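**Q** Here is a sequence together with a model predicted from it:
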Amino acid sequence: MAWGGNSERRDEGDDPEDAEEELDEANYKTQKDAVLFAIDVSKSMAKPPPGEGGKRKGDTDSALSAALKCAYQLMQQRIISQPRDMMGVLLFGTEKSKFRDEDGRSGYPHCYLFQDLDIPSAEDVKALRALVEGDDEDLQDILKPAKETVQMSNVLFCANQIFTTNAPNFGSRRLFIITDNDDPHAGDKQTRSAAAVRAKDLYDLGVVIELFPISHEDKPFELSKFYEDIVYTDPATDQDLKDNVQTARSGDGLTLLNSLVSNINSKQTPKRSYFSGMAFDIAPGLRITVKGYQVIHRQEKQRSCYVWMEGETPQLAAGETTKLDADARIVEKSEVKKAYKFGGEYVYFNPEELKDLKKFGDPCLRIIGFKNRSLLPTWASVKKSTFIFPSEEDYVGSTRVFSALWQKMLKDRKMALAWHIARKNANPILVAILASGTPDDEQTGTPFLPAGLWLYPLPFADDVRNVDLPVTARCSDGLTDQMRPIVKNLQLPKGMYNPTKYPNPSLQWHYRILQAMALEEEVPESLDDPTIPKYKAIAKRVGGYIEEWSEALAAEAKGLMGSRAVKREMEEDDDDERPAKRTKAAPKVKAGSQKLAGSMTNAQLKLAVENDTLKKMTVAELKDVLASKGVSTAGKKAELVEKLEQWVEDNV
Amino acid sequence: MADKEATVYIIDLGHSMGEKHSGRKESNLDFSMRYVWDKISTTVAASRKTWTIGVIGLRTDETNNTLDENGLEGYENISVLQEIGPMSMSALRELRSEIKVSKTKQGDAISAIVLASSMIEDFTKKLKYNRKIILVTDGKGAMDADSLDEVTEKLNDVGIELIVIGVDFDDPDYGFKEEDKPKLKKKNEEILSRLVSQCKKGVYGTMAQAVEELSVPRIKPVRPFKSYDGPLTLGDPETYPNAMSIAVERYFKTKLAHPPSASTVVVNNAPSRSQVDDGDEAIEDNGNGLGAVRQVRAYKVNDPDAPGGKRDVDFDSLERGYEYGRTVVPISDMDESITNLQTKKSFTILGFIPFSSYEPHLSMGEAGVIVAQKFNEKAELALSSLVNALYELQSYAVARYVNKDNQKPFLHLLIPDPKLESEADCLFDVPLPFAEDIRSYQFPPLDKVVTVEGTVLRTHRLLPTPDLSKAMSDLVDAMDLSKFGKDDDGNPTEYAPIDETYNPTIHRINQAIRHRAVHPEEPLQPPAEILLRFSKPPDELVDQVKKQIDILIKKADVKKVPPKVKGKRKRETVKPISGLDVDALLGQAKRTKIDPENAIPEFKQTLGAATEVKAIEEATKQMGDIVCTLIRESFADINYDRAAAHLGVMREELIALEEPDLYNNFLRDLKKKIYQKELDGDRMDMWRGKIIAGGLGLITDQELEVSSITEAEAKKFEK
């Protein structure tokens, strides 16, 4: 394996920043998310969509089926994107009742815990899919609605118990309620109150209720009838800035399923901040606070693990590291010191000094001035950007100041240059602060990203590689003109790069295969990969232009080769101090003139192939030429000659 | 590979080097050695066998050199302190002990240069080397200038660069002139200056400037790395004849430089031996007795029959696998490749987008530069036409990039960079995110406020007033850096361009390591000024925009939330969206005893309703019992997280109510119970793993002023 590949992989995976993201101050809460779907199983939920075959064709899902499909889809997504997070499915309003192991009469009538809250297993995926597909009659039995109404207080307390026992220390716990019933306890004040009390319990437990209402065409979903007593605004957000509850409905060219999927997807990942309470110094004496979010983050597949195969079922083996010294004695943590290798020895600093070395002050974001955005070279990129948003927690008024700055920078296309320390003891960096427009703004290039400010890490001089580029020929204006229609006619859809249209092929493939293996299904043969260009369409749309361009290119290249050969010949002759007379004669490869071998022009090579003079070159010369063309230099002389001939044939 | 180097340092150790001049607190020698040690330690740090160093002492008490031994005259009081060779730490230590001011005035600098050049000539023979002599002197020794021409001829012949750095030498370019310069020194400066000017390669300067420039970080040169070499295509040339294929090469344009990382070491019991560390690189033990630490991994699986519920398993009984949710999927080594997507090395364009539809914050990381294959006229012209057409149409290309067969595909943005004078047409490229890389976080709009009822407000305390917007706009315009810098000719230019910004961490650590290696006994030095240059707005600019800042501060009217209030105020009654008073409903139900099943909500609600301390005490007691029961009844560690969550809520609530003692007393009691194994066996994992590691220790006076527990006491309690 060439080490080039490894070096690239290294920086894709072992980014020290990734480890940093996991780190948090000592806290009994884990940075994990638990989502419990509570899906209403009622007659109206199960009713097939109206007007089949009519104007809303394609909308074939009942509300229940759409909800289950959403849950199934989310489960598969979460296995890839949130492999440590939990999920569960609770059906309510069912004829049958089930909670944990007990069957039949449970403490929560008409609540059916289809999947307990846990990290999903392959079996869970399979079971949920079976329920979605609806082929299994036993399973369909579960989806039979109850004759009497379910008590919402029971549903909520059931959820409470599930969270309390299965995810007691999760940083984020959310109950997703999907229902079309805006008034489950019409007229019954006491049951309503009981539900409100249980909802308050959930709030106090730290569980957030996310409501995904479904409205049928004739009847809007009215929150005020019941759910306004159940749903609380997220305490972390400002009272006036809460997200609105979106109602899913079919219509407007959107199926019910799509509408629900988009509502649920927007809540798919819990909003975790990367840093909070960050002091943002806009100018000396003007400080506000912001929170940072990793809105963009390279999703990687999980690392491989070790599996113990000798038990009844394969079991994950947990690795433990022990530190040993030169005498194979176990080293205690307290004995360990840190030192830098230097000139074949260790240079030692004590822990306070080490700390001091990395200390450049407290976490901060400090603007040192503003520049026109045009001064940011597009290549000046080293890392993903962090999104920041104001927070009123420490400084009242942060939001309006932030908003004023954002509006100004957006309007006049300015960027700010800022000194930034993201976390305690993090390395200081310089960032460009860039403003992104609102998603519904036509002008913005990134409608899939939120509006706000971005911390774009700038490279230091240390990070810039200065590649010495050889001077190359510039093509004629004519050739450029022939390229123009090709560029013009192959614009991406909507003239933009929209990442949501391009799933990561290697990641998708990895999990597709794992899923098939885990479920003992047939391994798929290929992957639908939108990152592969649509070759047929390209050939159809610009094939003709490319042909014309190719012809013009060939002619122009021939001319250039000729003039270069002449020039080289003259130089060679100068070198040899011969009169520059034989300029019209074809240049000859001079066997033995080693200094030229590596820089033989394609024209010379071609000639050498035609005259069969490559063999006259030495092995060192051949290797030199091959290396300069990026071809492997392994092999015997005959092989080298063959390789070079092949290369000339392919490329000249 | 970097070129081989042979450098000889000639260090003037004459008696006069012990003097202090020009108001400096250190001797001339110490002053000069700042420069020399920095140079030498940089070489040591590089640890390259091909970077060699020799050191000659000039005006030493003794005489020790081959030319003198061979009976030549004029080489007295010159000592070779180190023959040319690679420089190690131990060599550096030895050298340190030799650098002392002598008692003599004798010793000819020109002779030392001759000696150095013959050392270099002997060592490097005719091989390819960067040859250098660096002379450091105060110019107060007698010099024989008769043979200058011969000396320069020899230097130029062998190809040696001569660098002369003098203490308090006059340098009009730098702007230094020594008053009352002794006659001899004046003459010597003239001789040396003439000598340098006769050399093909030479530098002549004053020490003050050399020392000053030490603080400018030096960037480690890195060889360009070719990350791709193959066709850039549009269409599929294998299937369609009318597809485009350009032979290109891709190099890294940016690559994050990382600070040196510290190794984990341990004090050796048996000193003086060589060690093998992770990298199989032999590390000599030096006086401080530090040795590398090796890491061994052991694997355990759950086994209910084994003591502690876990047992060790043999590494050979393990297979590699992946997790799919909580299902483990073993994959034998043979199958390994099947989860990897089969790909072919390729770089192929999907389509084009206008400049205006791309935002830089979409970039995922390091950039590359794409050029035409070398000596390939067709590729040069083809790439040139693509670059220029893209630029004229103000368009980027989006391409799928696979750098080697069976590597992961990525999507990259290709940015046209048409050439200027004597440059190459090229493309830059940056990686783009995939669908999975974008997290769908929702944020409220920044330019309007939407109320619960759905009304859109344009005037609100969270939105800027026109006055505030104006003040902000004025400040942003005034604090402009686009023309704030000065170029070499004093013309306005961009302030803080990338090539003037240095990574503070890398250079701070390197600087400290070098300093510590040479001066092990000295404390850390503060970071160099230049590294902190961009940590705040330039003072000059701040003075200029004082007025705008003041107006903005006034219009912004930002108020800091007093620390006391934050999080500690008596909780406001939380209500659902409807505003229903659920607490009132609760009041009717009257929960007097906390239900262990619903403990956290009920504990909070009880405290919320509590009007006197006694009720708080009672609720805390009940909660404490619930925690103890959870631990006692826990099978292995099954309830630990739940117990910790309960404790966490207790702690938070009692801090909010400013009742730290209630929590602290309970915790002391709990510690006793756990240590005395009163909670059904060994529960130390609960104590260490959840309570201490989870930050659930005693409430200190740092967290809450009314607490009587200090940070130190809390630390001690946790041990």
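**A** Thanks, I have the structure now. What you are looking at is a predicted structure, and each value in this text was computed from that prediction instead of being measured.

**Q** What score does residue 426 have for pLDDT?
**A** Went with chain A since none was named. pLDDT for A:Ala426: 89.

**Q** Chain B, not that one
**A** 91.

**Q** Could you check how many residues crowd around it?
**A** 28 (other CB atoms under 10 Å in any protein chain shown). All C-beta atoms are positioned from the backbone trio N, CA, C, and that covers glycine.

**Q** same thing with B:Ile551?
**A** 17.

**Q** in which helix or strand would I find it?
**A** Applying DSSP states H and E as the criterion places B:Ile551 in helix B:546-556.

**Q** Would you mind pulling up the elements that that helix packs against?
**A** Packed against helix B:546-556 by the contact rule (3 or more CB pairs under 8 Å, 6 or more residues apart in numbering or on different chains; DSSP states H and E) you find strand A:273-283, strand A:286-293, helix A:398-411, helix B:466-478.

**Q** what's the closest of these to A:Pro485?
**A** A:Pro485 lies closest, by CB to CB, to one member of the helices and strands packed on helix B:546-556: helix A:398-411, at 34.1 Å.

**Q** circling back: need the helices and strands packed on helix B:546-556 in a markdown table with mean neighbour count and mean pLDDT, can you?
**A** Listed next are the helices and strands packed on helix B:546-556 as a markdown table, based on neighbours: other CB atoms under 10 Å in any protein chain shown; pLDDT from 0 to 100:
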| stretch | mean neighbour count | mean pLDDT |
| --- | --- | --- |
| strand A:273-283 | 20 | 91 |
| strand A:286-293 | 22 | 94 |
| helix A:398-411 | 23 | 95 |
| helix B:466-478 | 19 | 95 |
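
**Q** TSV for these, including distance to A:Lys616?
**A** Formatted as TSV, those follow (distance: least, CB to CB, whole Å):
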stretch	distance to A:Lys616
strand A:273-283	64
strand A:286-293	65
helix A:398-411	65
helix B:466-478	69
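
**Q** And stretch A:184-193, what's buried?
**A** A:Pro184, A:His185, A:Thr191, A:Arg192, A:Ser193 (16 or more other CB atoms under 10 Å in any protein chain shown).

**Q** so how far is A:Gln151 from the last one?
**A** Applying CB to CB, to the nearest Å, one obtains 12 Å for the distance of A:Ser193 from A:Gln151.

**Q** what's the answer for the fourth one, then?
**A** Between A:Arg192 and A:Gln151 the distance is 10 Å, computed by CB to CB.

**Q** joint contacts of the two?
**A** Taking CB atoms under 8 Å, 6 or more residues apart in numbering or on different chains as the contact rule, A:Arg192 and A:Gln151 both touch A:His185.

**Q** all helices for the stretch 401-550 of chain B, in order.
**A** B:466-478, B:504-518, B:539-544, B:546-556 (DSSP state H, counting those that start in this stretch).

**Q** the bottom helix or strand of the chain by mean pLDDT?
**A** Reading this off chain A. helix A:3-13 (a mean of 31; mean pLDDT, DSSP states H and E).

**Q** not what I meant, chain B
**A** For chain B, counting by mean pLDDT, DSSP H and E, that's strand B:275-276 with a mean of 40.

**Q** Which residue ranges make up the domains of chain B?
**A** B:5-213, B:582-718 (automatic domain parsing).

**Q** Reformat these as TSV; add distance to chain A, mean pLDDT and mean neighbour count.
**A** Formatted as TSV, the domains of chain B follow (distance: least, CB to the nearest CB, whole Å; pLDDT from 0 to 100; neighbours: other CB atoms under 10 Å in any protein chain shown):
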stretch	distance to chain A	mean pLDDT	mean neighbour count
domain B:5-213	4	89	18
domain B:582-718	3	87	17
